[in-house]
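Asks: Let's see this in three dimensions:
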Amino acid sequence: MNPSLLTTLRVFIPFAAGYFLSYLYRVVNAVIAPDLVGDLGIGPSALGLLTATYFISFASSQLPLGVLLDRFGPRRMEAFLLLFAGLGAYLFSRSGSLAGLVVARAFIGFGVSACLMAAFKAYTLWFPKEKWPLVNGFQMAAGGLGALAATAPVEAALQVTDWRGVFMVLAVLTLMVAVAVYTVVPEKPSSGAGESFKHQLRGVRKVFTSLDFWRTAPLTTMSQASFLSIQGLWAGPWLKDVAGLERMAVANVLLWIAVAMIAGFIVLGSLAERLSRSGISVLATAVTGMVLFMAVQVMVLAAPVRWAMHVWVLFGFFGTSGIIAYAALSQRFPVQLSGRVTTAVNLLVFIAAFIGQWAIGAIIGRWPVDASGHYALAGYRTGFFVMLAIQTMTLLWFFTASRMIRNCGKK
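Replies: So this is what the prediction gives:
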């Protein structure tokens, strides 16, 4: 199962373009947050809710999406759903109220909900199993480019137009990518396409009743949720309020976080593939990376502010570790369940990211704003610490469950 170069590009590039847009939508509010606050007069809790709506809308589609991907294939599902994202971007550009923006962002989250999972499903159909961590890493790097585009380039665009103009352009680009996915990606029937709906639901049950799944899913969920909720919104305000950076300087640091994230996806994905050939499991690489990511979060909490650039670059690099676990989990189940496995993890990740991003804002809002309009350092530290503490608990569970699985294997 080694496709030609042309087929590889036809499969990879449209899905990568979709995920580029998905990630751009996910993190763009970190840059336009001051404009949203100024135009709408909202506080940190409302800002967190608005931005996090993407996550809960995204999460709500994951379980049916897994069944639909295995039944109808990734090409058709992603092209169809991207139409909703384009509509959401248009509505976001036209809305004049917080409620309208929340609804529009919900459309965006729903519309891009297949951009990563459809790609992962397609790659399990087109590429050999040992290549999944590598190709998944390149897919995630495309998302990193989207995160990069949402930083200094968006800030530069805001000198020409406003945030509404940015979203109007995104609406057009999203429709173009939807057409590209549908017309360029070749069709390949899924091994789950002939299954009855009842049989597919049994597959969902098999995933959710597996101790192997629940051993890894909580740690992956909280690692990714912490990364997404902080990098997608609160890193920008932290750099402004705690590090004292101006808007363009904030955008530049966010850009370097995105660059580090791209490097992390590629380097760690390649490393996972290489180590697996040497007998070190993909899961072991993923867990090691997630532990290092936790160490970086300790540095965010405790390191001097003058280290901010270096610490946040490390945050971007090691924050990608959790995604390696997606490939590790897919390898533990039959290929016809791959869509349901990855969307099951994604469901948990995005529910946790929604709660985390909103909760951090609510925690920050419990401290008074200073005379310059800056949120308190204690609020950021408390919010970030809560996310880190939960990750620590899931790490302890991972080792406990691993011991349970080993003991079951000895019986």
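
Asks: Give me the buried stretch members for the longest helix belonging to the chain, please.
Replies: Assignment by DSSP state H gives helix 377-410 as the longest helix of the chain. Along helix 377-410, these residues count as buried under the neighbour rule (16 or more other Cβ atoms under 10 Å): 379-384, 387-388, 390-391, 394-395, 397-398, 401-402. Every residue, glycine included, has its C-beta placed from N, CA and C.

Asks: quick one, helices of the stretch 201-350 of the chain?
Replies: 211-229, 235-241, 247-277, 282-302, 308-318, 321-331, 338-364 (DSSP state H, counting those that start in this stretch).

Asks: what about the longest helix of the chain, distance to the chain center?
Replies: With Cα atoms, centre = their mean, to the nearest Å as the basis, helix 377-410 stands 19 Å off its chain's centre.

Asks: for stretch 369-384, same thing?
Replies: Per Cα atoms, centre = their mean, the centroid offset for stretch 369-384 relative to its chain is 25 Å.

Asks: same deal with stretch 317-336?
Replies: Worked out by Cα atoms, centre = their mean, stretch 317-336 lies 13 Å from the chain centre.

Asks: averaged over its residues, what pLDDT does that stretch have?
Replies: Regarding stretch 317-336, the rounded mean pLDDT is 85.

Asks: tell me which residues of that stretch are tucked away?
Replies: Within stretch 317-336, judged by 16+ other Cβ under 10 Å, the buried ones are 317-333, 335-336.

Asks: same question, stretch 57-67
Replies: Neighbour-count burial for stretch 57-67, counted by 16+ other Cβ under 10 Å, picks out 57-63, 65-67.

Asks: So which of those residues sit within helices?
Replies: Short answer: the buried residues of stretch 57-67 in helices (DSSP H) are 57-60, 62-63, 65-67.

Asks: Pick the one among these closest to residue 207.
Replies: residue 66 (8.3 Å; Cβ to Cβ).

Asks: do you know how far that closest one is from residue 398?
Replies: From residue 66 over to residue 398 the distance is 23 Å, taken as Cβ to Cβ, to the nearest Å.

Asks: returning to what we had before: let me know the angle separating the longest helix of the chain from helix 321-331.
Replies: 20 degrees (axes from the mean of the first three to the mean of the last three Cα atoms, to 10 degrees).

Asks: Now do helix 377-410: which elements does it pack against?
Replies: Packing partners of helix 377-410 (3 or more Cβ pairs under 8 Å, 6 or more residues apart in numbering; DSSP states H and E): helix 211-229, helix 235-241, helix 282-302, helix 338-364.

Asks: which of those has the lowest average pLDDT?
Replies: Averaging pLDDT over each of these puts helix 338-364 lowest, since it has a mean of 87.

Asks: Give the other helices and strands that that helix contacts.
Replies: helix 44-60, helix 62-72, helix 117-126, helix 197-208, helix 211-229, helix 321-331, helix 377-410.

Asks: Give me the angle between that helix and helix 321-331.
Replies: Using the same axes, to 10 degrees, helix 338-364 lies at 150 degrees relative to helix 321-331.

Asks: Tell me the span between the first and last residue of stretch 359-376.
Replies: End-to-end distance for stretch 359-376, by Cα to Cα, to the nearest Å: 15 Å.

Asks: Leaving out the residues flanking it, which one is nearest to residue 319?
Replies: residue 227 (3.7 Å; Cβ to Cβ, 6 or more residues apart in numbering).

Asks: Just give me the neighbour total for the one you found.
Replies: Residue 227: 27 surrounding residues under other Cβ atoms under 10 Å.

Asks: Report the contact partners of it.
Replies: Residues in contact with residue 227, defined by Cβ atoms under 8 Å, 6 or more residues apart in numbering, are 293, 315, 319-320, 322.

Asks: Which members of the residues you listed define the maximum pairwise distance?
Replies: Maximum distance among the contacts of residue 227 (Cβ to Cβ): 12.8 Å, for 315 and 322.

Asks: dump the residue contacts of residue 136.
Replies: Taking Cβ under 8 Å, 6+ apart, one finds 120, 123, 269, 323-324, 326-327 in contact with residue 136.

Asks: how close does it get to residue 121?
Replies: For residue 136, the distance to residue 121 - Cβ to Cβ - is 11 Å.

Asks: same thing with residue 382?
Replies: 39 Å.

Asks: Residue 263 now?
Replies: 26 Å.

Asks: okay, those two: which has more neighbours?
Replies: Remark: of residue 263 and residue 121, residue 121 carries more neighbours, 31 against 16, as counted by other Cβ under 10 Å.

Asks: so residue 281 makes contact with residue 329?
Replies: No: assessed by Cβ atoms under 8 Å, residue 281 is found out of contact with residue 329, at 11.6 Å.

Asks: The nearest residue to residue 144 once chain neighbours are set aside and residue 296, how far apart?
Replies: Spatial nearest neighbour of residue 144, excluding adjacent residues (Cβ to Cβ, 6+ apart): residue 262 at 3.4 Å. Distance, residue 262 to residue 296, by Cβ to Cβ: 17 Å.

Asks: neighbour-wise, which of the two wins?
Replies: More crowded of residue 262 and residue 296, by other Cβ under 10 Å: residue 262, with 24 against 18.

Asks: I figured the more buried one hits residue 148, correct?
Replies: Yes: contact criterion Cβ under 8 Å: residue 262 and residue 148 qualify, at 6.9 Å.

Asks: ok, back up a step: and the ones in helices among the buried residues of stretch 57-67 as TSV, adding pLDDT and distance to residue 17?
Replies: Converted to TSV, those look like this (pLDDT from 0 to 100; distance: Cβ to Cβ, whole Å):
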residue	pLDDT	distance to residue 17
57	89	21
58	83	18
59	84	23
60	84	24
62	78	21
63	74	26
65	81	19
66	74	22
67	77	25
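
Asks: Alright, I will stop here.
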